[in-house]
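Asker: Show me the folded form of this:
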Amino acid sequence: MDIYDSRLSGNGWKVRLLLSQLGLPYRRHILNLADGDARKREFIQLNPLARVPVLVADDGFVLTESNAILLYLAEGSRLLPRTAPDRQRVTEWLFFEQFDHLRFMARPRYLVSIAKVADKHREELDYLRGFGTKALDAMERRLAQSKFIAGDVYTIADISLFPYTSMAEMGGYSLAAYPAVRVWLAEVERQHRFIPLISQ
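Answerer: Next comes the predicted model:
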């Protein structure tokens, strides 16, 4: 299969982390977003929204949206529960990651540590961090009760939430007040075939 992502994409990292932990081979295509690679005609044909990641299966099936890709790849594996209640708990956290977590972690990281324009966006950063702090609070409460985010077993819910949580301090957050989150981050990094953001 083929994976299209960028070097610094947390969403792309999710997909590659899952592929590594499932031991699935793939071809990686690294797009330079700053140079407009995602707006080129051949990529727009894969994803009209011009964003990564994109998965192209061997049979030509194209799938966008990182959490949809996680669900597709994890089907039938130990990382996606088969019983309805456990499976829906994982799905619940996947929705949480997209609606309550992702933007409020990823955008500050970009402004502070990648574009380095924090001074010009202080009001936006305060707004985003207000919601991001609520997301971290919710994760802390959950992880104070269970080893992993959807229960006592490692799943794609953990893979989904790990990248941008692990990079939260790049966006000006402090994880000092979140001991359970910090323990969880370390536990995810200890999982079999864990790979860092920059792995190849």
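Asker: Low-confidence ranges, this structure, go.
Answerer: Low-confidence segments of the chain (pLDDT under 70): 199-200.
Asker: host element of residue 187?
Answerer: Per DSSP states H and E, residue 187 falls inside helix 179-189.
Asker: which secondary structure elements does that helix contact?
Answerer: Where contact means 3 or more C-beta pairs under 8 Å, 6 or more residues apart in numbering; DSSP states H and E, helix 179-189 is packed against helix 122-143, helix 156-166. The way it works is simple: take the backbone N, C-alpha and C, and place the C-beta from them, glycine included.
Asker: send the alpha carbons of that helix over as CSV?
Answerer: Only the C-alpha atoms of helix 179-189 are listed here, as CSV (Å, rounded to 0.1, in the frame of the first residue of the first chain):
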residue,chain,number,x,y,z
PRO,A,179,0.8,13.0,35.8
ALA,A,180,-1.5,10.3,34.4
VAL,A,181,-1.1,11.7,30.9
ARG,A,182,2.7,11.6,31.3
VAL,A,183,2.6,8.0,32.5
TRP,A,184,0.4,7.1,29.6
LEU,A,185,2.7,8.8,27.1
ALA,A,186,5.6,6.8,28.4
GLU,A,187,3.6,3.6,28.2
VAL,A,188,2.7,4.2,24.6
GLU,A,189,6.4,4.8,23.8
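Asker: Among the helices and strands packed on helix 179-189, which comes closest to residue 68?
Answerer: Between residue 68 and those, the tightest spacing by C-beta to C-beta is seen for helix 156-166, at 10.9 Å.
Asker: the inter-axis angle of the closest one versus helix 122-143?
Answerer: Relative orientation of helix 156-166 and helix 122-143, computed by axes from the mean of the first three to the mean of the last three C-alpha atoms, to 10 degrees: 140 degrees.
Asker: How about residues contacting helix 156-166?
Answerer: If you take C-beta atoms under 8 Å, 6 or more residues apart in numbering as the criterion, helix 156-166 is touched by 10-11, 13-14, 17-18, 21, 66-67, 70-71, 74, 79-80, 89-90, 93-94, 96-97, 101-102, 105-106, 109, 136, 139, 148-150, 181, 184-185, 188, 197.
Asker: do stretch 81-99 as well
Answerer: Around stretch 81-99, the neighbours that count as contacts under C-beta under 8 Å, 6+ apart are 67, 70-71, 80, 135, 138, 149-151, 153, 155-157, 160-161.
Asker: which stretches of this structure form strands?
Answerer: With DSSP state E as the criterion, the chain has strands at 2-5, 27-30, 54-56, 62-64.
Asker: got the domain boundaries for the protein?
Answerer: Here the domain parsing of the chain from automatic domain parsing is 2-74, 84-189.
Asker: Now mean neighbour count too, for those, in a markdown table please.
Answerer: Converted to a markdown table, the domains of the chain look like this (neighbours: other C-beta atoms under 10 Å):
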| stretch | mean neighbour count |
| --- | --- |
| domain 2-74 | 17 |
| domain 84-189 | 18 |
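Asker: And residue 49, how far from residue 7?
Answerer: 20 Å (C-beta to C-beta, to the nearest Å).
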